[in-house]
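dropping the sequence and predicted coords here.
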Amino acid sequence: MNSVKIKPRAKTKSKAPYHHGDLRKQLVAAAEEIILERGVDGFTLREASRRAGVSPAAPAHHFKDARGLLSEVALLGFQEFGDALIAADQRGGKDPQKRLYEQGLAYVTFALKNPARFQLMFAHGKCDMRYKNLGEVAERSFKVLESAVRAASGLKPADDMTEDAYGLLMANWSIVHGFAHLALGGELDTPAGGRGGKGAILKSFLPLTLKHLPARR
């Protein structure tokens, strides 16, 4: 009987992917979920990894550490936030008061639609402002407000901000930012109940408040 020699097949190593789908987006989404549920201080990279279905070491492929992931979330937030403010400013045309009004609407609307990102964006010390171009993107948002205030104060772009103009800037920012936090914290729910429910916060309360924004004429 003739013997046939069968060569054993060479073993091939199969490389399983370390994650399924887009891990970067999954981690960003998980981070926002955690912030929304537990606040910025309750965020952990381990929990974000668990929700994304990967090992605690996997995020290192995209983000160095927890601070890196939070910085990415803040960067995405400030990019969208800045775009919304610029579009609002343009809707205001050449009238400084109208520009501030439209910016205020966009500011609060963004906060209510993106509560996790908004909370993180203004959480001092939680992000690395040197991450990518986070510092520049955040500054861009502030410059939109400053530009309208300069126009309201009769200042040119190259002029130094006067104390009066800076006070006007702080007053407008404080009113709008404070309103956003009151709305996010549920503090406006009770008074809004008598005016048609939560929808009244944006449709009634906010426009009424913005009509009283300080503006130098």
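Received, thanks.

from here on, just use CA atoms for contacts and neighbour counts.
OK.

got the domain ranges for the protein?
Using automatic domain parsing, the domains assigned to the chain come out as 20-63, 74-210.

in the longest helix anywhere in the chain, what counts as buried?
The longest helix of the chain (DSSP state H) is helix 66-91. Buried residues in helix 66-91, counted by 16 or more other C-alpha atoms under 10 Å: 66-75, 77-78, 80-82, 84-86, 88-89.

and what of stretch 174-189?
By neighbour count with 16+ other C-alpha under 10 Å, stretch 174-189 contains the buried residues 175, 176, 177, 179, 180, 181, 183, 184, 188, 189.

of the residues you listed, which is the nearest to residue 136?
Set against residue 136, the nearest of these by C-alpha to C-alpha is residue 177 (20.3 Å).

pull the CA atoms of the helix or strand hosting the closest one into CSV?
Using DSSP states H and E, residue 177 sits in helix 163-184. Presented in CSV, the C-alpha positions along helix 163-184 are these (Å, rounded to 0.1, in the frame of the first residue of the first chain):
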residue,chain,number,x,y,z
GLU,A,163,-13.4,99.1,31.9
ASP,A,164,-16.9,100.0,30.9
ALA,A,165,-16.8,97.7,27.9
TYR,A,166,-15.4,94.8,30.0
GLY,A,167,-18.1,95.3,32.6
LEU,A,168,-20.7,95.2,29.8
LEU,A,169,-19.2,91.9,28.5
MET,A,170,-19.2,90.4,32.0
ALA,A,171,-22.8,91.5,32.6
ASN,A,172,-24.1,89.9,29.4
TRP,A,173,-22.2,86.7,29.8
SER,A,174,-23.2,86.3,33.5
ILE,A,175,-26.9,86.8,32.7
VAL,A,176,-26.9,84.3,29.8
HIS,A,177,-24.6,81.7,31.5
GLY,A,178,-26.6,82.0,34.8
PHE,A,179,-29.9,81.5,32.9
ALA,A,180,-28.5,78.3,31.3
HIS,A,181,-27.4,76.9,34.7
LEU,A,182,-30.8,77.7,36.2
ALA,A,183,-32.5,75.9,33.4
LEU,A,184,-30.2,72.9,33.5
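
residues touching the residue lying closest to residue 126 once chain neighbours are set aside, list them.
Leaving out its chain neighbours, the residue that sits closest to residue 126 by C-alpha to C-alpha, 6 or more residues apart in numbering is residue 67, at 6.7 Å. Under the criterion of C-alpha atoms under 8 Å, 6 or more residues apart in numbering, the neighbours of residue 67 are 126, 127, 128.

low pLDDT regions in the protein?
Residue ranges of the chain with pLDDT under 70: 1-21, 217.

helices of that one, start to end?
Secondary structure of the chain, counting by DSSP H: helices at 23-38, 45-52, 66-91, 96-113, 115-121, 134-153, 163-184, 189-193, 199-200, 206-210.

so how far is the third one off the chain centroid?
Mean-position distance between helix 66-91 and its chain equals 5 Å (C-alpha atoms, centre = their mean, to the nearest Å).
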